[in-house]
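Pasting the sequence and the predicted model now:
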Amino acid sequence: MKHYLVLTVGSNRGIPRIWLQGPNLAHAGFRPGLRFDVHLQEDRIRLVLNEAGGRIVSRKRRGQSDQPVIDLNSREVLGLFEGQPSVRVLMLGSGITILPLASESRRRRRLALARRALLAGEPLSMGSISHGGGILSHAVHAGLYAEGVDARLMFANEIRAELLDQAREANDAWEIETVALAAPLQELAYDRWVMDRLPAVSILEAGLPCSGASASGRAKRKLALPEEHPEVGHLVAPFLAVIAQVNPLVVILENVPLYQASASAAILRTSLRDLGYDVHELALRGRDFNAIEDRERYCLVAMTRGIELDPLGIVKPVGARPTLGDVLEALPWDDARWSTMAGLKAKEARDREAGKGFRMQVFDASCDRIGTITKGYAKVRSTDPKIRHPENPELLRQLTPAEHARVKQIPPHLAAGLSDTVAHEMLGQSVVYQPFVALGALIARALKVWCAGTAAGLDEWIRSTRTACG
């Protein structure tokens, strides 16, 4: 390749125009006075030198030299670039090739891949980053399936191998062919051997670690910026590298609400825009979906441009929220898990005397809400939610992992078999389930509407993307 450039598609009297001029043309062999032919192909234009060609390279005087000029000003020739503001020009040893931008070719390719699967009734392919135990994957899959769109999890990346082992055993979203990628994201994303073997997917979802963006994480490390976190602050970069590799139709990212104002989110939304996505951002709260835990999550949904998605169309449930009594296990009154927790009560008294705001959170079966349960819940900390004994108010206990799952609406079997510590870690860093089921259903409805409206053009799209470069 001699030269590569991105060129604006201009207009002359309402007709599209591409103007090539300068020494790069001569370097590629197109000197003034030489003749060439224009070959129109399905997704590109090729200019090939030919002594008997139908066109001639013009000349334009600049200073003391003549510069070669090629002026393409024809709706017939440039019609395949209709609606595209720019194109890429590849000056090769064998001629000049004019193509859609790589981002446009990739956009078309992912549209064609998803449309073909939908029309054939085949599952959409999915990938997962920062998978944990796959709760987000399971919820999105359930929402898609509820609207008649099946999905197949092709790969899942998670730094903790034991969580991937758990997902393979317990998570219904996994297939026998699902590839487990137990590695730090930043290591995986730049491993060309692995990345070249990952399949393209229609849906890529991620729950990037929030340690740098959360208020507690920033305070603990005294971070001026979330991106200063030494372990996870930079993960937006490898995440974008994975997106570029697997070229998803839809990208779903969840994180803490503060992530929305981070530099990482700004980089992500503008990069996705340039890759051909429309970016939608919304807040999903547990209480809006009748969850007992009112966890709020920031959600970014990047939908490939050309498919309409209205976040306001997400369906919220009606009816009353359940109470803790609906999800608590019937433990015997003398079960060993009941305790006076005298040490924690004494600490609360000391905090009060010192004027600190730390208080124990105690709930009973009549409550329809509970405080946020984090991944460190198994440490039995003073400010984490506790359950009051139904008969003796002096006795308290922790939630069991199954109860923890239920207050987040998560199917308890996803954490079954884990130790209490690991189960609480997996659940505590996850999402409230039903908001993301509703999001999966919203995406499925949008895809069905889009597919029904464009089915007639399937063959044309497949032909135009089959040989696209980039």
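That came through, no problem. Residues are numbered from 1 along each chain as shown.

residue ranges with poor pLDDT in the chain?
211-215, 217-218, 455-470 (pLDDT under 70).

Note down every partner strand of the helix or strand containing Ile96 and its orientation.
Assessed by DSSP states H and E, Ile96 sits inside strand 95-100. Using DSSP bridges, strand 95-100 pairs in its sheet with strand 45-49 (antiparallel), strand 86-92 (antiparallel).

Same list (the ones you listed) but as a markdown table, adding distance to Glu177 and mean neighbour count.
Just so you know, the C-beta spots here come from the backbone N, C-alpha and C atoms, and that holds for glycine as well. Output for the strands paired with strand 95-100, formatted as a markdown table (distance: least, Cβ to Cβ, whole Å; neighbours: other Cβ atoms under 10 Å):
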| stretch | distance to Glu177 | mean neighbour count |
| --- | --- | --- |
| strand 45-49 | 40 | 18 |
| strand 86-92 | 36 | 18 |
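
returning to what we had before: roughly how far is the strand holding Ile96 from the heart of the chain?
Its chain's C-alpha centre and that of strand 95-100 lie 32 Å apart, by Cα atoms, centre = their mean, to the nearest Å.

Thr421 - nearest residue in space that isn't next to it in sequence?
Distance criterion Cβ to Cβ, 6 or more residues apart in numbering; nearest residue to Thr421, sequence neighbours excluded, is Ala378 at 4.2 Å.

quick revisit: in CSV, could you pull the C-alpha coordinates for the helix or strand just after the strand holding Ile96?
For strand 95-100, the following helix or strand on the C-terminal side (DSSP H and E) is helix 102-120. C-alpha atoms of helix 102-120 as CSV (Å, rounded to 0.1, in the frame of the first residue of the first chain):
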residue,chain,number,x,y,z
ALA,A,102,-13.9,1.1,8.0
SER,A,103,-16.4,2.1,10.7
GLU,A,104,-19.2,2.1,8.1
SER,A,105,-18.2,-1.3,6.7
ARG,A,106,-18.2,-2.7,10.2
ARG,A,107,-21.6,-1.1,10.9
ARG,A,108,-23.1,-2.8,7.8
ARG,A,109,-21.5,-6.1,8.6
ARG,A,110,-23.0,-6.3,12.1
LEU,A,111,-26.4,-5.3,10.9
ALA,A,112,-26.3,-8.0,8.2
LEU,A,113,-25.1,-10.7,10.7
ALA,A,114,-27.9,-9.9,13.2
ARG,A,115,-30.6,-9.6,10.5
ARG,A,116,-29.6,-12.9,9.0
ALA,A,117,-29.9,-14.7,12.4
LEU,A,118,-33.2,-13.1,13.3
LEU,A,119,-34.8,-13.9,9.9
ALA,A,120,-33.6,-17.5,10.2
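
helices or strands up against the strand or helix carrying Ala405?
When elements are assigned from DSSP H and E, Ala405 belongs to helix 401-407. Where contact means 3 or more Cβ pairs under 8 Å, 6 or more residues apart in numbering; DSSP states H and E, helix 401-407 is packed against helix 420-428.

just checking, what packs against the next helix or strand after the helix it packs on?
Downstream of helix 420-428, the next assigned helix or strand under DSSP H and E is helix 433-454. If you count contacts as 3+ Cβ pairs under 8 Å, 6+ apart, helix 433-454 packs onto helix 102-120, helix 135-146, strand 250-255, strand 277-285, strand 296-304.

Out of the ones you listed, which gets nearest to Thr383?
Of all the helices and strands packed on helix 433-454, it is strand 296-304 that lies closest to Thr383, at 18.1 Å by Cβ to Cβ.

moving C-terminal of that closest one, what's the next helix or strand?
helix 342-353.

Kindly export that following helix (C-alpha atoms) in PDB.
The C-alpha coordinates for helix 342-353 follow below in PDB (Å, rounded to 0.1, in the frame of the first residue of the first chain):
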ATOM      1  CA  ALA A 342     -22.900  -7.300  71.100                       C
ATOM      2  CA  GLY A 343     -19.700  -6.100  69.600                       C
ATOM      3  CA  LEU A 344     -21.400  -4.300  66.700                       C
ATOM      4  CA  LYS A 345     -24.000  -2.700  69.100                       C
ATOM      5  CA  ALA A 346     -21.200  -1.400  71.300                       C
ATOM      6  CA  LYS A 347     -19.400   0.000  68.300                       C
ATOM      7  CA  GLU A 348     -22.600   1.800  67.300                       C
ATOM      8  CA  ALA A 349     -22.800   3.300  70.800                       C
ATOM      9  CA  ARG A 350     -19.200   4.500  70.500                       C
ATOM     10  CA  ASP A 351     -19.900   6.000  67.100                       C
ATOM     11  CA  ARG A 352     -22.900   7.900  68.500                       C
ATOM     12  CA  GLU A 353     -20.900   9.300  71.400                       C
END
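
What is the following helix or strand past it packed up against?
As assigned by DSSP H and E, the chain's next helix or strand after helix 342-353 is strand 361-363. Helices and strands in packing contact with strand 361-363 are listed as strand 385-388; criterion 3+ Cβ pairs under 8 Å, 6+ apart.

other SSEs contacting the strand it packs on?
strand 361-363, strand 396-397.

what about the last one, distance to the chain center?
The chain centroid and the centroid of strand 396-397 are separated by 39 Å under Cα atoms, centre = their mean.
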